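A.B. asks: sequence first, predicted model second:
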Amino acid sequence: MKQVDLHVHSNKSDGTYAPFELVDYALEKGLSAFALTDHDTTEGLDEAISYAKDKPLEVVPGVEFSTEYEGKDVHIVGLYISYDAPAFQAKLQSFVDSRVNRNMKMCQNLQEAGIDITFEKLCAENPDAVITRAHYAAYLQNHGYVKSRADAFSQYVGDHCKYFVPREKVTPTQAIELILNAGGVPILAHPPLYHMGKERLDNLVSTLKEAGLMGIEVIYSTYNTQDERDMLRLAKKYDLLYSGGSDFHGDNKPGLDLACGYGKLFVPEAFLTDIRTAANRF
(Lines give C-alpha, C1' and ligand atoms only; values in the text may rest on other atoms or scores of the structure.)
Protein backbone atom coordinates (compact mmCIF):
# COMPACT_ATOMS: atom_id res chain seq x y z
CA MET A 1 0.00 0.00 0.00
CA LYS A 2 1.35 3.41 -0.99
CA GLN A 3 1.87 6.08 1.65
CA VAL A 4 1.41 9.87 1.76
CA ASP A 5 2.04 12.66 4.27
CA LEU A 6 -0.49 15.49 4.17
CA HIS A 7 0.95 17.86 6.79
CA VAL A 8 4.53 19.01 6.20
CA HIS A 9 6.47 22.25 6.79
CA SER A 10 9.49 23.76 5.05
CA ASN A 11 11.91 26.54 5.95
CA LYS A 12 9.52 29.00 4.34
CA SER A 13 7.69 28.94 7.67
CA ASP A 14 9.03 27.11 10.72
CA GLY A 15 10.56 23.95 9.28
CA THR A 16 14.26 23.45 8.60
CA TYR A 17 14.20 21.70 5.20
CA ALA A 18 14.09 23.70 1.96
CA PRO A 19 11.15 22.78 -0.29
CA PHE A 20 13.38 20.93 -2.77
CA GLU A 21 15.01 19.05 0.11
CA LEU A 22 11.57 17.87 1.22
CA VAL A 23 10.99 16.44 -2.25
CA ASP A 24 14.22 14.45 -2.12
CA TYR A 25 13.51 13.29 1.43
CA ALA A 26 9.94 12.27 0.54
CA LEU A 27 11.30 10.15 -2.31
CA GLU A 28 13.84 8.62 0.05
CA LYS A 29 10.99 7.77 2.42
CA GLY A 30 9.02 6.11 -0.38
CA LEU A 31 6.10 8.53 -0.31
CA SER A 32 3.87 8.82 -3.36
CA ALA A 33 2.81 12.34 -2.31
CA PHE A 34 3.17 14.94 0.40
CA ALA A 35 1.38 18.21 1.09
CA LEU A 36 3.46 21.30 1.78
CA THR A 37 1.40 23.15 4.38
CA ASP A 38 3.49 26.04 5.64
CA HIS A 39 2.02 28.51 8.11
CA ASP A 40 0.19 31.38 6.39
CA THR A 41 2.45 31.23 3.34
CA THR A 42 2.70 29.49 -0.03
CA GLU A 43 6.22 30.73 -0.81
CA GLY A 44 7.68 27.23 -1.04
CA LEU A 45 5.11 25.70 -3.36
CA ASP A 46 6.52 26.76 -6.73
CA GLU A 47 9.96 25.45 -5.79
CA ALA A 48 8.69 22.10 -4.52
CA ILE A 49 6.23 21.50 -7.36
CA SER A 50 8.74 22.48 -10.03
CA TYR A 51 11.49 20.34 -8.52
CA ALA A 52 9.17 17.31 -8.32
CA LYS A 53 7.85 17.74 -11.86
CA ASP A 54 9.72 14.83 -13.44
CA LYS A 55 9.85 12.68 -10.31
CA PRO A 56 7.46 9.94 -9.14
CA LEU A 57 6.04 12.15 -6.42
CA GLU A 58 3.07 14.51 -6.14
CA VAL A 59 3.44 17.74 -4.20
CA VAL A 60 0.01 18.80 -2.99
CA PRO A 61 -0.29 22.60 -2.77
CA GLY A 62 -1.35 23.47 0.74
CA VAL A 63 -1.27 25.94 3.59
CA GLU A 64 -1.94 25.92 7.34
CA PHE A 65 -3.81 28.75 9.04
CA SER A 66 -3.57 29.50 12.75
CA THR A 67 -7.00 30.59 13.93
CA GLU A 68 -8.72 31.26 17.24
CA TYR A 69 -11.91 29.67 18.56
CA GLU A 70 -13.21 30.50 22.05
CA GLY A 71 -9.71 31.29 23.26
CA LYS A 72 -8.19 28.15 21.73
CA ASP A 73 -5.57 28.02 18.99
CA VAL A 74 -7.16 25.98 16.17
CA HIS A 75 -5.36 25.11 12.93
CA ILE A 76 -7.02 24.71 9.56
CA VAL A 77 -5.11 23.05 6.72
CA GLY A 78 -6.06 23.77 3.11
CA LEU A 79 -5.18 21.17 0.45
CA TYR A 80 -5.21 21.59 -3.35
CA ILE A 81 -5.55 25.35 -3.07
CA SER A 82 -5.24 27.56 -6.15
CA TYR A 83 -2.49 29.38 -4.35
CA ASP A 84 -1.58 31.82 -7.10
CA ALA A 85 -5.05 33.41 -7.18
CA PRO A 86 -4.63 37.19 -6.62
CA ALA A 87 -7.39 37.42 -4.00
CA PHE A 88 -5.89 34.53 -2.04
CA GLN A 89 -2.41 36.02 -2.13
CA ALA A 90 -3.74 39.43 -1.07
CA LYS A 91 -5.28 37.86 2.02
CA LEU A 92 -2.07 35.98 2.81
CA GLN A 93 -0.17 39.26 2.59
CA SER A 94 -2.47 40.74 5.22
CA PHE A 95 -1.55 37.81 7.49
CA VAL A 96 2.14 38.46 6.85
CA ASP A 97 1.70 42.15 7.67
CA SER A 98 0.01 41.20 10.94
CA ARG A 99 2.89 38.88 11.80
CA VAL A 100 5.45 41.60 11.08
CA ASN A 101 3.72 44.03 13.43
CA ARG A 102 3.60 41.38 16.15
CA ASN A 103 7.25 40.48 15.63
CA MET A 104 8.38 44.10 15.87
CA LYS A 105 6.66 44.39 19.26
CA MET A 106 8.09 41.11 20.51
CA CYS A 107 11.61 42.08 19.50
CA GLN A 108 11.18 45.32 21.43
CA ASN A 109 10.08 43.37 24.50
CA LEU A 110 13.11 41.10 24.26
CA GLN A 111 15.42 44.09 23.83
CA GLU A 112 14.08 45.46 27.12
CA ALA A 113 15.09 42.11 28.67
CA GLY A 114 18.68 42.76 27.59
CA ILE A 115 18.68 40.61 24.46
CA ASP A 116 20.46 41.89 21.37
CA ILE A 117 17.73 41.17 18.84
CA THR A 118 15.92 43.05 16.08
CA PHE A 119 13.39 41.93 13.52
CA GLU A 120 15.96 42.69 10.83
CA LYS A 121 18.50 40.34 12.47
CA LEU A 122 15.88 37.59 12.71
CA CYS A 123 15.04 37.96 9.03
CA ALA A 124 18.72 38.01 8.05
CA GLU A 125 19.26 34.68 9.79
CA ASN A 126 16.08 33.21 8.26
CA PRO A 127 15.85 34.60 4.70
CA ASP A 128 12.48 34.23 2.94
CA ALA A 129 10.89 32.58 5.99
CA VAL A 130 7.68 33.60 7.74
CA ILE A 131 9.06 34.38 11.20
CA THR A 132 7.49 32.31 13.97
CA ARG A 133 8.36 31.62 17.59
CA ALA A 134 10.50 28.68 16.47
CA HIS A 135 12.83 31.22 14.84
CA TYR A 136 13.03 33.22 18.07
CA ALA A 137 13.86 30.06 20.00
CA ALA A 138 16.63 29.16 17.54
CA TYR A 139 18.02 32.71 17.70
CA LEU A 140 18.08 32.72 21.50
CA GLN A 141 19.82 29.36 21.60
CA ASN A 142 22.30 30.18 18.83
CA HIS A 143 23.29 33.42 20.55
CA GLY A 144 23.75 31.84 23.96
CA TYR A 145 20.76 33.28 25.80
CA VAL A 146 19.27 29.84 26.52
CA LYS A 147 20.60 26.28 26.51
CA SER A 148 17.74 24.81 24.49
CA ARG A 149 14.77 25.83 22.40
CA ALA A 150 12.51 24.45 25.10
CA ASP A 151 14.13 26.92 27.52
CA ALA A 152 13.44 29.73 25.05
CA PHE A 153 9.74 28.91 25.11
CA SER A 154 9.55 28.52 28.88
CA GLN A 155 11.48 31.73 29.62
CA TYR A 156 10.82 34.10 26.73
CA VAL A 157 8.41 33.25 23.92
CA GLY A 158 5.85 30.87 25.40
CA ASP A 159 2.19 31.86 25.64
CA HIS A 160 2.45 32.89 29.28
CA CYS A 161 5.80 34.67 29.14
CA LYS A 162 5.76 38.42 29.71
CA TYR A 163 7.72 39.05 26.51
CA PHE A 164 5.25 37.18 24.31
CA VAL A 165 2.94 39.16 22.03
CA PRO A 166 -0.08 37.32 20.59
CA ARG A 167 -0.86 38.10 17.00
CA GLU A 168 -4.22 38.85 15.48
CA LYS A 169 -5.86 35.67 14.27
CA VAL A 170 -8.71 34.88 11.95
CA THR A 171 -11.51 32.57 13.00
CA PRO A 172 -11.66 28.97 11.76
CA THR A 173 -14.75 29.89 9.75
CA GLN A 174 -12.87 32.68 7.98
CA ALA A 175 -9.99 30.33 7.17
CA ILE A 176 -12.40 27.76 5.76
CA GLU A 177 -14.06 30.40 3.60
CA LEU A 178 -10.68 31.54 2.28
CA ILE A 179 -9.66 27.96 1.41
CA LEU A 180 -12.98 27.22 -0.28
CA ASN A 181 -12.75 30.42 -2.33
CA ALA A 182 -9.32 29.23 -3.48
CA GLY A 183 -10.81 25.94 -4.65
CA GLY A 184 -9.21 23.99 -1.83
CA VAL A 185 -10.27 21.36 0.67
CA PRO A 186 -10.36 22.65 4.29
CA ILE A 187 -9.16 20.15 6.91
CA LEU A 188 -9.31 20.46 10.70
CA ALA A 189 -5.77 19.76 11.91
CA HIS A 190 -4.90 17.61 14.97
CA PRO A 191 -8.03 18.25 17.10
CA PRO A 192 -6.83 16.29 20.18
CA LEU A 193 -4.06 18.87 20.64
CA TYR A 194 -6.69 21.48 21.54
CA HIS A 195 -7.69 19.64 24.75
CA MET A 196 -11.30 20.75 24.43
CA GLY A 197 -13.18 17.76 25.76
CA LYS A 198 -15.52 15.65 23.63
CA GLU A 199 -18.62 17.85 23.83
CA ARG A 200 -16.84 21.09 23.07
CA LEU A 201 -14.86 19.51 20.22
CA ASP A 202 -18.05 18.05 18.80
CA ASN A 203 -19.60 21.53 18.86
CA LEU A 204 -16.56 22.93 17.04
CA VAL A 205 -16.69 20.29 14.33
CA SER A 206 -20.44 20.77 13.92
CA THR A 207 -19.99 24.54 13.56
CA LEU A 208 -17.14 24.17 11.08
CA LYS A 209 -19.01 21.57 9.05
CA GLU A 210 -21.79 24.11 8.55
CA ALA A 211 -19.15 26.61 7.43
CA GLY A 212 -17.81 24.21 4.81
CA LEU A 213 -15.24 22.03 6.59
CA MET A 214 -14.55 19.00 4.40
CA GLY A 215 -12.04 16.88 6.30
CA ILE A 216 -10.34 16.10 9.60
CA GLU A 217 -6.96 14.65 10.52
CA VAL A 218 -7.74 11.14 11.76
CA ILE A 219 -4.06 10.13 11.77
CA TYR A 220 -1.33 12.28 13.34
CA SER A 221 2.09 11.79 14.85
CA THR A 222 1.06 12.19 18.50
CA TYR A 223 -2.29 10.36 18.41
CA ASN A 224 -2.82 7.30 20.54
CA THR A 225 -5.31 4.56 19.67
CA GLN A 226 -8.16 6.34 21.45
CA ASP A 227 -7.43 9.61 19.65
CA GLU A 228 -7.70 7.83 16.30
CA ARG A 229 -10.98 6.22 17.30
CA ASP A 230 -12.40 9.56 18.44
CA MET A 231 -11.35 11.31 15.21
CA LEU A 232 -12.79 8.52 13.06
CA ARG A 233 -16.05 8.81 14.99
CA LEU A 234 -16.22 12.54 14.34
CA ALA A 235 -15.34 12.07 10.67
CA LYS A 236 -18.13 9.54 10.22
CA LYS A 237 -20.65 11.53 12.24
CA TYR A 238 -20.15 14.66 10.16
CA ASP A 239 -19.34 12.96 6.84
CA LEU A 240 -15.81 14.35 6.68
CA LEU A 241 -12.90 13.22 4.56
CA TYR A 242 -10.01 11.46 6.27
CA SER A 243 -6.64 13.19 6.31
CA GLY A 244 -3.42 12.76 8.22
CA GLY A 245 0.20 13.71 8.42
CA SER A 246 3.37 13.89 10.43
CA ASP A 247 3.51 17.68 10.92
CA PHE A 248 7.19 17.35 10.02
CA HIS A 249 9.32 20.40 10.88
CA GLY A 250 12.82 18.96 10.53
CA ASP A 251 15.16 19.85 13.39
CA ASN A 252 12.53 22.07 15.01
CA LYS A 253 10.65 18.95 16.16
CA PRO A 254 13.39 16.51 17.19
CA GLY A 255 12.52 12.85 16.84
CA LEU A 256 9.52 13.49 14.59
CA ASP A 257 10.24 12.23 11.08
CA LEU A 258 8.63 12.68 7.70
CA ALA A 259 6.20 9.91 6.74
CA CYS A 260 6.50 7.91 9.97
CA GLY A 261 6.13 10.58 12.68
CA TYR A 262 7.52 9.10 15.89
CA GLY A 263 7.82 5.69 14.24
CA LYS A 264 4.35 4.24 13.71
CA LEU A 265 2.59 6.80 11.51
CA PHE A 266 1.11 5.56 8.23
CA VAL A 267 -1.24 7.64 6.08
CA PRO A 268 -2.63 5.57 3.17
CA GLU A 269 -2.74 6.99 -0.34
CA ALA A 270 -6.49 6.32 -0.40
CA PHE A 271 -6.97 9.35 1.86
CA LEU A 272 -5.44 11.59 -0.79
CA THR A 273 -7.44 9.97 -3.59
CA ASP A 274 -10.69 11.00 -1.90
CA ILE A 275 -9.39 14.49 -1.11
CA ARG A 276 -8.26 14.96 -4.71
CA THR A 277 -11.72 13.98 -5.92
CA ALA A 278 -13.26 16.56 -3.60
CA ALA A 279 -10.84 19.20 -4.86
CA ASN A 280 -12.00 18.54 -8.43
CA ARG A 281 -15.60 19.31 -7.46
CA PHE A 282 -15.76 22.44 -9.61
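C.D. replies: Sure, I can see it.

A.B. asks: strands of the stretch 1-150 of the chain, start to end?
C.D. replies: For the stretch 1-150 of the chain, the strands defined by DSSP state E, counting those that start in this stretch occupy 3-8, 31-36, 58-69, 72-79.

A.B. asks: deepest-packed of those strands, please.
C.D. replies: Per-residue neighbour counts averaged over each of those give the maximum for strand 3-8, namely a mean of 27 (mean count of other C-beta atoms under 10 Å). C-betas here are computed from N, CA, C, even on glycine.

A.B. asks: and that strand with strand 31-36, angle?
C.D. replies: Computed by axes from the mean of the first three to the mean of the last three C-alpha atoms, to 10 degrees, the angle separating strand 3-8 from strand 31-36 equals 10 degrees.

A.B. asks: show residues contacting strand 3-8.
C.D. replies: When contacts are defined by C-beta atoms under 8 Å, 6 or more residues apart in numbering, strand 3-8 is touched by residues 15, 22, 26, 29-37, 60, 62, 64, 77, 79, 187, 189, 217, 220, 243-248, 258-259, 266-269, 271-272, 275.

A.B. asks: let's go with 6 Å and repeat that
C.D. replies: Residues lying outside strand 3-8 but in contact with it, judged by C-beta atoms under 6 Å, 6 or more residues apart in numbering, are 31-37, 243, 245-248, 259, 266-267, 269, 272.

A.B. asks: what's the answer for stretch 94-113, then?
C.D. replies: Contacts of stretch 94-113 with the rest of the structure, by C-beta under 6 Å, 6+ apart, involve Asp40, Ile117, Thr118, Phe119, Ile131, Tyr163, Val165, Arg167, Glu168.

A.B. asks: and these, which are buried?
C.D. replies: Asp40, Ile117, Phe119, Ile131, Tyr163, Val165, Arg167 (16 or more other C-beta atoms under 10 Å).

A.B. asks: hmm, back to that, now, the contacts of stretch 94-113 that are in helices?
C.D. replies: Members of the contacts of stretch 94-113 lying in helices (criterion: DSSP state H): Phe119.

A.B. asks: circling back to that earlier point, for Asn181, state which of the buried ones among the contacts of stretch 94-113 is nearest.
C.D. replies: The shortest separation between Asn181 and any of those is 15.9 Å, and it belongs to Asp40 (by C-beta to C-beta).

A.B. asks: can you get me a residue count around the closest residue to the closest one other than its chain neighbours?
C.D. replies: Distances taken as C-beta to C-beta, 6 or more residues apart in numbering put Phe95 closest to Asp40, at 4.4 Å, once the chain neighbours are dropped. Counted by other C-beta atoms under 10 Å, the residues lying close to Phe95 total 22.

A.B. asks: please apply the same query to the one 5 residues further on.
C.D. replies: Val100 sits with 15 neighbouring residues when counted by other C-beta under 10 Å.

A.B. asks: ditto for Gly255
C.D. replies: By the other C-beta under 10 Å criterion, the neighbourhood of Gly255 contains 8 residues.

A.B. asks: likewise Arg149?
C.D. replies: Neighbour count for Arg149, taken as other C-beta under 10 Å: 21.

A.B. asks: correct me, but it touches Tyr136?
C.D. replies: No. Applying C-beta atoms under 6 Å, one finds Arg149 not in contact with Tyr136, separated by 9.2 Å.

A.B. asks: avg pLDDT for stretch 216-235?
C.D. replies: For stretch 216-235, the mean pLDDT works out to 98.

A.B. asks: report the buried residues of it.
C.D. replies: With burial defined by 16+ other C-beta under 10 Å, the residues of stretch 216-235 counted as buried are Ile216, Glu217, Val218, Ile219, Tyr220, Ser221, Tyr223, Asp227, Asp230, Met231, Leu234, Ala235.
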